[in-house]
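> turn this into a model:
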Amino acid sequence: MNAPVDVSFFARAAKPLTSYRPYWAKRFGTAPFLPMSRAEMEKLGWDSCDIILVTGDAYVDHPSFGMAVIGRTLEAQGFRVGIIAQPDWQSAEPFKVLGKPNLFWGVTAGNMDSMINRYTADRKIRSDDAYTPGDIGGKRPDRAAIVYSQRCREAYKDVPIILGGIEGSLRRIAHYDYWSDKVRRSIVVDAKCDLLLYGNAERALVEVAHRIAAREPVEKITDVRGTAFVRRPDDESGKGWFEIDSTTVDEPGRVEAHINPYMTTSEQAASQGSTCSKDDAPDSIATGANETGATGQKDPKLADPNPAIQPMLFVANPALKARLKVPPRDKSVIRLPSYEQVKSDPVLYAHANRVLHLETNPGNARCLVQAHGEGVTARDVWINPPPIPLTTAEMDYVFDLHYARSPHPSYADENGSHDGATKIPAWEMIRFSVNIMRGCFGGCTFCSITEHEGRIIQSRSEDSIIQEIEDIRDKVKGFTGTISDLGGPTANMYRLGCKSPEIEAACRKPSCVYPGICSNLGTNHDPLIKIYRRGRALKGIKKILIGSGLRYDLAVKSPEYVKELVQHHVGGYLKIAPEHTEQGPLTKMMKPGIGSYDKFKQMFEKFSEEAGKKQFLIPYFIAAHPGTSDEDMMNLAIWLKKNGFRADQVQTFYPSPMATATAMYHSGRNPLTRVRREMRDTAEESVDIVRGEKRRRLHKAFLRYHDPNNWPLLREALKAMGRADLIGNGKHHLIPTFQPLTDGGYQSARRKNSTPVGQRVQQPQATGAAGKATASKPGQPQKGRILTQHTGLPPRVTGSAKPSARKAR
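Here you go, the predicted structure:
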């Protein structure tokens, strides 16, 4: 069995959320919805708000939306919390709608990074926004966290600004910005916020709120974990720290041996295999003629004048060893290369990224500091260690708060419904789902979950999860008996963790499952199996589906779990993410080999057959990831055709701020290994970077080898690669020699973003392994076709009253 979450090292290291004395405004009670207008405030009897939250998302009072969680948590502490959702940022007036906050502003760009929300991986503008009523794009500005902070400062200059959310978390140090193709400053500097809270911020925010409420100046709050702030180099509060200089990767040169003062210059040269005489033949030294004569006897002239005299040796004083102590970690700070250095030196950028990721374990992380500016503008961005993870009791406390579980009434249509023209797609997706845990120890380099939520799994109790399922059944309008998901960042890491709390607190590995599953990691899925069985046994619950991505290399460790999942909780298809088949890109992604996928596939098919069900795996693949060569993509395409897969949509690598893969993309170095100034010519240190529109299109085309629009590009590439043998009209060929009439267009999964040219050619029906057309029910995937990376999954039953009317996303 795994060690219970509550007995871990971290459970004993932080003040519980429930231990604070409630703020005096607790007497106003709980609001049905956090107010978004003066009229709502007056109805609640409020004359002002203590805290006003500004967000780039529509306000949905559900525990899957960050602002709702933060707002309800602060409300439970006794504060009066208002929300300004998706304000017009053209002036400061919309930020004054609720008046002046008594304590501080809480600012976030929303559940998604505003740039990723607005732009595709090819930097094209999206026309939709899943977090906006009606799925309308353009309701938030680019770099929303910075813009909102500036408007808040303009509205009420003397009110502190506390910045949070994933956009702030991923930009806490100088970072590569894919959209402008340059390194930008820390968002703490650009947003001019007083404090940045990164990661899941309940613990830090509750402490900061109570300290500000106690009239402590925000500039004095510099000791809270999970926070970042600006500090001037001459600030007295920064004194007394042990600074570790990590601003360079330069290594010392070769250390020369101590010179023997009793040897002549010629003797010293001879001892090093050289000579001081121009007339001496080089080979005379190599043969040892410097010490022996023609007769083979040692020349007394070349012997040491006094053999008893030896070079002086220096050794450590044993008496001082006991007094040599390593500086305490809680008073140590690592100085990263400055913003100016990483901006101009990609090698130092990769080094800074590596150091940052090594200092992410709450049990042993040290403070980080990075200089920004020079001279009178010089200031340091201080980053405190990550927050202590929430215990199971605290997770229950946060998720059991009073959530309305629906969008704010102001978004309702003329019929008072949220299912029509004003529907919020992101809410529709999680409307009947339950979040059971946080965190991920997978460490995938292209993913930002670890940088935001951490590697320590934070799990809710079984009773809390079951209670939420019952609340959905009894209280949520439109529920038809199907829970769309029991999961989180991953489907099957619930209550998994290190077997030893001491090892967990000391570990600095970037992943618990790469290159193999750590021997200290508990992989017992029994608690998850128990929840599945208890949940589906509830009266009124017809089916519980698992919609979160499955970590299949962990699942195969528990055949009983795979059987339970496949036979009872798969709604026709199951999402898994091998991402690639070749070792080159997989090692840069920190993903397991394709053999793990094959093993899981065998178990999946076996248990599906036993249950008499026809079910499908939906594998995800990434194109153009750092470390991927053209040959790797060609081999992946061959694998796809061999296995009968036709990917309708593919995900191109998207360099998100602070991700390890993004550091590879920008620097050409591999931060998973030691970063060196002089890179060794090894597969570990060298990274093949896929840049330029043409090469990125080629990698996408390999994944969509069956699309006639891609055949001309693929033919050209295969000939250049010397693989013209893959061009032909046989089953063993990748693409044919003929070219049908096509429109050259591309249909995006986000249909509003597609720009088809003319009338598209009718695509043939998918064919199975036997070559026969396979039919599928509406909303079910066809055999041999895959849709990837959340962009084109077919509709499935989520418990909504009208599944047939739901738009495929």
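
> burial count for residue 402?
The local packing of residue 402 (other CB atoms under 10 Å) involves 13 other residues. To be clear about C-beta, it is placed using only N, CA and C from the backbone, and glycine gets the same treatment.

> again, but for residue 375
Residue 375: 5 neighbours (other CB under 10 Å).

> do the same with residue 538
For residue 538, the neighbour count with other CB under 10 Å is 14.

> that one reaches residue 470, doesn't it?
Yes. With contacts counted by CB atoms under 8 Å, residue 538 reaches residue 470, the gap being 6.6 Å.

> ramachandran angles for residue 544?
For residue 544, the backbone dihedrals (degrees, to the nearest 10) come out as phi -120, psi 120.

> find the nearest non-adjacent residue to it, please.
Using CB to CB, 6 or more residues apart in numbering and skipping residues adjacent in sequence, the residue nearest residue 544 is residue 483, 4.4 Å away.

> measure the one you found to residue 565 for me?
Distance of residue 483 to residue 565, computed by CB to CB, to the nearest Å: 14 Å.

> ok, back up a step: and the residue nearest to residue 544, how many neighbours?
Neighbours of residue 483 (other CB under 10 Å): 26.

> how near is the closest residue in space to residue 165 that isn't next to it in sequence to residue 697?
Counting by CB to CB, 6+ apart, residue 108 is the residue found nearest to residue 165 once chain neighbours are left out, at 3.1 Å. Distance from residue 108 to residue 697, counting by CB to CB: 35 Å.

> what about these two, which has more around it?
Using other CB under 10 Å as the criterion, residue 108 and residue 697 rank with residue 108 on top: 27 against 17.

> just checking, the more buried one touches residue 67?
Yes. Using CB under 8 Å, residue 108 is in contact with residue 67, at 6.5 Å.

> mutual contacts of those two, please.
Common neighbours of residue 108 and residue 67, counting by CB atoms under 8 Å, 6 or more residues apart in numbering, are 53, 55.

> got the confidence number for the residue nearest to residue 544?
Predicted confidence (pLDDT) for residue 483: 97.

> also residue 266?
pLDDT for residue 266: 73.

> run a quick neighbour tally on it.
Other residues near residue 266 come to 15 when the count uses other CB under 10 Å.

> next: residue 503.
When neighbours are counted by other CB under 10 Å, residue 503 comes out with 14.

> my guess is it contacts residue 522. True?
No. Using CB under 8 Å, residue 503 is not in contact with residue 522; the gap is 11.5 Å.

> ok, the residue nearest to residue 165 - contacts?
53-56, 66-67, 145, 148, 163-165, 167-168.

> repeat for residue 155
Here residue 155 is in contact with 92-93, 95-96 (CB under 8 Å, 6+ apart).

> which of these are buried? Put it as a PyMOL command.
To isolate the buried members of these in PyMOL, using 16 or more other CB atoms under 10 Å:
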select buried, resi 95+96
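
> just checking, which of the contacts of residue 155 belong to helices?
The subset of the contacts of residue 155 located in helices under the criterion DSSP state H is empty.

> please confirm that residue 729 is located within a strand.
No. Residue 729: not assigned to a strand; according to DSSP: H, G, I helix; E, B strand; the rest coil it is coil.

> phi and psi next, for it.
Backbone dihedrals for residue 729, given as degrees, to the nearest 10, come out at phi -110, psi 10.

> ok, the one 10 residues further on next?
Phi and psi for residue 739, reported as degrees, to the nearest 10, are phi -130, psi 110.

> quick one: it from residue 709, how far?
Distance of residue 739 to residue 709, computed by CB to CB: 10 Å.

> tell me which of these two has more neighbours.
Between residue 739 and residue 709, counted using other CB under 10 Å, the more crowded position is residue 709 (18 against 12).

> can you tell me the closest non-neighbouring residue to that one?
Nearest residue to residue 709, sequence neighbours excluded (CB to CB, 6+ apart): residue 742, at 5.1 Å.

> hang on, residue 634 packs against residue 705?
No. Assessed by CB under 8 Å, residue 634 is found out of contact with residue 705, at 9.2 Å.

> what sits in contact with each of the two?
Between them, residue 634 and residue 705 share these contacting residues under CB under 8 Å, 6+ apart: residue 734.

> residues in contact with residue 458?
Residues in contact with residue 458 (CB under 8 Å, 6+ apart) are 5, 200, 389-392, 395, 437-439.

> try it again at 7 Å.
Taking CB atoms under 7 Å, 6 or more residues apart in numbering, we find residue 458 in contact with 389-390, 395, 437-439.

> please produce a ChimeraX select command covering the buried subset of these.
Buried members of the contacts of residue 458, defined by 16+ other CB under 10 Å, are picked up in ChimeraX with:
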select :389,390,395,437,438,439
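
> before we move on, back to that, from the contacts of residue 108, which ones fall inside strands?
Among the contacts of residue 108, the members falling in strands (DSSP state E) are 53-55, 163.

> most neighbours of all those, which one?
Among the ones in strands among the contacts of residue 108, residue 163 has the most neighbours (other CB under 10 Å), with 31 neighbours.

> okay, now the unreliable bits of the protein?
For the chain, the stretches with pLDDT under 70 are 1-12, 250-257, 259, 272-274, 276-308, 310, 316-324, 680-684, 743-809.

> rerun at 80
1-13, 250-326, 648-649, 679-685, 742-809 (pLDDT under 80).

> the longest helix in it is where?
helix 594-610.

> so after that helix, what's the next helix or strand?
Under the assignment DSSP states H and E, the closest C-terminal helix or strand after helix 594-610 is strand 616-623.

> what's whatever helix or strand comes next after that next one in contact with?
Following strand 616-623 in sequence order, the next helix or strand is helix 630-642 (DSSP H and E). Here helix 630-642 makes contact (CB under 7 Å, 6+ apart) with 580-582, 584-585, 621, 623, 647, 698-699, 702-703, 705, 717, 721, 723, 734.

> right, and residue 275 touches residue 269 too?
Yes. Under the criterion of CB atoms under 7 Å, residue 275 makes contact with residue 269 at 5.5 Å.

> what residues sit buried inside the helix or strand where residue 39 lies?
Under the criterion of DSSP H and E, residue 39 resides in helix 38-44. The neighbour-count check on helix 38-44 (16+ other CB under 10 Å) flags 40-41, 44 as buried.

> ok, stretch 82-94 next?
Within stretch 82-94, the residues that count as buried by 16+ other CB under 10 Å are 82-87, 89.

> any idea how far stretch 578-587 is from the chain center?
Relative to the centre of its chain, stretch 578-587 is centred 18 Å away, using CA atoms, centre = their mean, to the nearest Å.

> distance between the ends of that stretch?
Distance between the boundary residues of stretch 578-587 (CA to CA, to the nearest Å) amounts to 12 Å.

> show me what it is in contact with.
Against stretch 578-587 from outside (CB under 7 Å, 6+ apart): 589, 591, 593-594, 597, 619-622, 625, 627-629, 632, 635-636, 639.

> try it again with 6 Å
Contact partners of stretch 578-587, identified using CB atoms under 6 Å, 6 or more residues apart in numbering, comprise 589, 591, 594, 597, 619, 621-622, 625, 627-628, 632, 635-636, 639.

> again with stretch 97-106
Residues from elsewhere that reach stretch 97-106 (CB under 6 Å, 6+ apart): 48-53, 82, 152, 156, 159-162, 212-213.

> now, of these, which are buried?
Buried, going by 16+ other CB under 10 Å: 49-53, 82, 152, 156, 159-162, 212-213, out of the contacts of stretch 97-106.

> from the residues you listed, which is closest to residue 26?
For the buried ones among the contacts of stretch 97-106, the minimum distance to residue 26 (CB to CB) is 10.9 Å, reached by residue 50.

> from residue 159, how far off is that closest one?
Distance, residue 50 to residue 159, by CB to CB: 11 Å.
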